[in-house]
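# Fold the following, please.
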Amino acid sequence: MAITIEKNLLKEWESVIGLEIHVQLNTKSKLFSGASTNFGAEPNTQACNIDLGLPGVLPVLNKEVLKMAVKFGLAINASINSPTNFARKNYFYPDLPKGYQISQLDSPIVEGGSVDIISKEESKNIRITRAHLEEDAGKSLHEDYEGMTGVDLNRAGTPLLEIVSEPDIRSAEEAVSYLKKIHSIVRYLDISDGNMSEGSMRCDANVSVRKKGDTNLGTRTEIKNVNSFRFVEKAINYEIKRQIGLILNGQEIKQDTILYDSSKDETRPMRSKEFANDYRYFPEPDLLPVIIENSFIDKVKTEMPELLEDKRIRFINVFELSDYDADVLVANRDIANYFENVVEITKEPKLSANWIMGDLSAFLNKENLEINESKVSFENLANLILRILDSTISGKIAKEIFEIMWESGNDPNMIIEEKGLKQVTDSSEIEQLVDKAFMENPQQLADLKSGKDKLFGFFVGQIMKVSKGKASPVQVNKILKEKLEK
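Residues are numbered from 1 along each chain as shown. Just a heads-up that it's a prediction; the model follows:
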């Protein structure tokens, strides 16, 4: 149900938002067992005795998970706690077979740190409270079971890194910018694929409102498990308006856990929380504190890849790209890699960037594809750009060839030969085209010579039309000017 509040009333309020981002780490096995973490298996085929919590089984910590958590901590300039401890987080839900999750409360593996975001063209620093390790629960399935719920425990025990921000976010737009920044960081670190549609990255949003100028925090609600950037923005915006509406109508905001219904574009209470933390945490009796030695952290440092900010600065300094171009290209690690592969061949950063951010991105967006699913390889795009640079084809013809490349996957050189699309650069041939255009349009020629300069473009267009776009625009302009000066 849509909520309508006058704009002047909305301006009197501000939102206070903190995000809890659950990142599924891309290990081959689970946090405390050797079961597979592959996505898409048949339900309940990847849950072993440890994941099911059967009597007598004991968890064994996956060392690779520690390395990934430390990588993230280093990337956000956080502290790495040693020792780091595990705890039991107790609650009952059908897809939680043990009746508790092994998580972290005191002494999480990552503490502190921050990231910078861009919102409304302004930079803002968002502080991070902590990032702790936690095993995932299973998944409840409702669609295929009339009046019942199915439970798939394949996901149970999959390692998560839960990243908790301070309540520094003041709008849904800032929340999305922060979420995208975390998404980029985990992708650059190669600790998660960040695929929100598959549940590899999920977000809980804690939202409260208060009158501008107030320093006290309002009662917050928690929007659970939002799985797309667009839905995060829509859910937060709806919840902000809902809370303001309740207060204006003299009603109390309850500290509820909220679900966002994307089909109705509304939030609704799922369950109430008596306290912010009602999970009855206690130390995990089956796991000792983990000592993370400095030598381990130093080794992880040596394995750190080039991060987003470093790559951005390099793109500006080495490739002489604008701040805008660099921001767009580095936001996605795979796009940045594609760009560098193209430039390695073309040696033309700006033209390569224009094609990737322009035509290639348009085709990818049209078919909702990621850069790794592109129907035009970086080699083929680079070869197309080379044919523009050596004047084999014009920029206009290149766009036509790109469309054929997208549909066929063929090499641009093959398409140019097969379709006879080579640019006409022979001066004598272009002179004949110019003479023919003059002869067929005597009045326009007379007007042009008498000072109507706009007709110059008319003749360029006529020549390009007769040549079916193959005449070199540079040559056409040059020869036209030479003939008019005689």
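# The stretch 101-250 of the chain: strands as residue ranges?
In the stretch 101-250 of the chain, the segments counted as strands under DSSP state E, counting those that start in this stretch are 110-111, 114-119, 122-135, 139-141, 150-152, 159-165, 201-211, 221-226.
# Show me the contact partners of stretch 437-445.
L455, F458, F459, Q462, I463, V466, K483 (Cβ atoms under 8 Å, 6 or more residues apart in numbering). All C-beta atoms are positioned from the backbone trio N, CA, C, and that covers glycine.
# Please name the residues that touch the last one.
So that's K483. E431, V434, D435, F438.
# now do the first one
Under the criterion of Cβ under 8 Å, 6+ apart, the contact list for L455 reads Q444, L445, D447, L448.
# distance of it from L433?
Noted for L455: a distance of 17 Å to L433, by Cβ to Cβ, to the nearest Å.
# mind showing which ranges of the stretch 251-400 of the chain have poor pLDDT?
Residue ranges of the stretch 251-400 of the chain with pLDDT under 70: 271-278.
# quick one, strands of it?
So, for the stretch 251-400 of the chain - with DSSP E, counting those that start in this stretch - the strands run 256-261, 266-272, 282-283.
# can you map out the helices along the stretch 251-400 of the chain?
294-302, 308-318, 323-330, 333-346, 349-355, 361-366, 378-389, 395-408 (DSSP state H, counting those that start in this stretch).
# and those helices as CSV, adding mean neighbour count and distance to V151?
Listed next are the helices of the stretch 251-400 of the chain as CSV, based on neighbours: other Cβ atoms under 10 Å; distance: least, Cβ to Cβ, whole Å:
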stretch, mean neighbour count, distance to V151
helix 294-302, 12, 36
helix 308-318, 16, 38
helix 323-330, 18, 41
helix 333-346, 19, 34
helix 349-355, 19, 48
helix 361-366, 13, 37
helix 378-389, 20, 43
helix 395-408, 16, 43
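# Include distance to V186 when you put the ones you listed into JSON lines, please.
Formatted as JSON lines, these follow (distance: least, Cβ to Cβ, whole Å):
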{"stretch": "helix 294-302", "distance to V186": "15"}
{"stretch": "helix 308-318", "distance to V186": "11"}
{"stretch": "helix 323-330", "distance to V186": "15"}
{"stretch": "helix 333-346", "distance to V186": "10"}
{"stretch": "helix 349-355", "distance to V186": "25"}
{"stretch": "helix 361-366", "distance to V186": "21"}
{"stretch": "helix 378-389", "distance to V186": "24"}
{"stretch": "helix 395-408", "distance to V186": "30"}
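# just to revisit the earlier point, out of the strands of the stretch 251-400 of the chain, nearest to M68?
Checking the strands of the stretch 251-400 of the chain against M68 by Cβ to Cβ gives strand 282-283 as the closest, at 23.4 Å.
# So which residues make contact with the closest one?
Here strand 282-283 makes contact (Cβ under 8 Å, 6+ apart) with N85, F86, A87, R88, N90.
# hmm, try it at 6 Å
Strand 282-283 is contacted from outside by A87, R88, using Cβ atoms under 6 Å, 6 or more residues apart in numbering.
# mind listing what that strand pairs with, with the direction of each?
strand 87-90 (antiparallel) (DSSP bridges).
# Kindly export the partner strand (C-alpha atoms) in PDB.
Extracted in PDB, the C-alpha atoms of strand 87-90 (Å, rounded to 0.1, in the frame of the first residue of the first chain):
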ATOM      1  CA  ALA A  87      29.600 -18.400  20.200                       C
ATOM      2  CA  ARG A  88      26.200 -20.100  19.800                       C
ATOM      3  CA  LYS A  89      23.400 -17.900  18.600                       C
ATOM      4  CA  ASN A  90      20.200 -19.600  19.700                       C
END
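# That one - what's its average pLDDT?
Computed over strand 87-90, the mean pLDDT rounds to 94.
# Go ahead and measure how far that strand is from the middle of the chain.
32 Å (Cα atoms, centre = their mean, to the nearest Å).
# same thing with stretch 231-239?
Relative to the chain's own centre, stretch 231-239 is displaced by 18 Å; criterion: Cα atoms, centre = their mean.
# same question, stretch 98-112
The answer for stretch 98-112 is 27 Å, by Cα atoms, centre = their mean.
# circling back: need the max-distance pair from the contacts of L455.
For the contacts of L455, the farthest-apart pair by Cβ to Cβ is L445 and D447; their separation is 7.3 Å.
# So between those two, which is more surrounded?
L445 (18 against 15; other Cβ atoms under 10 Å).
# The more buried one: what secondary structure?
In terms of secondary structure, L445 is helix; the call rests on DSSP: H, G, I helix; E, B strand; the rest coil.
# related to what we said a few turns ago, nearest to M201, out of the helices of the stretch 251-400 of the chain?
Nearest to M201 among those is helix 333-346; the distance by Cβ to Cβ comes to 14.4 Å.
# neighbouring contacts of the closest one?
187-188, 311, 329-330, 349, 352, 356, 371-372, 378, 381-382, 385-386.
# Go again with 8 Å.
Under Cβ under 8 Å, 6+ apart, the answer for helix 333-346 is 184, 187-188, 308, 311, 315, 319, 329-330, 349, 352-353, 355-356, 370-372, 374, 378-379, 381-383, 385-386, 389.
# cool, stretch 80-96 as well?
70, 73-74, 99-111, 133-134, 137-140, 149, 151-153, 156, 279-284, 287, 289-293, 297.
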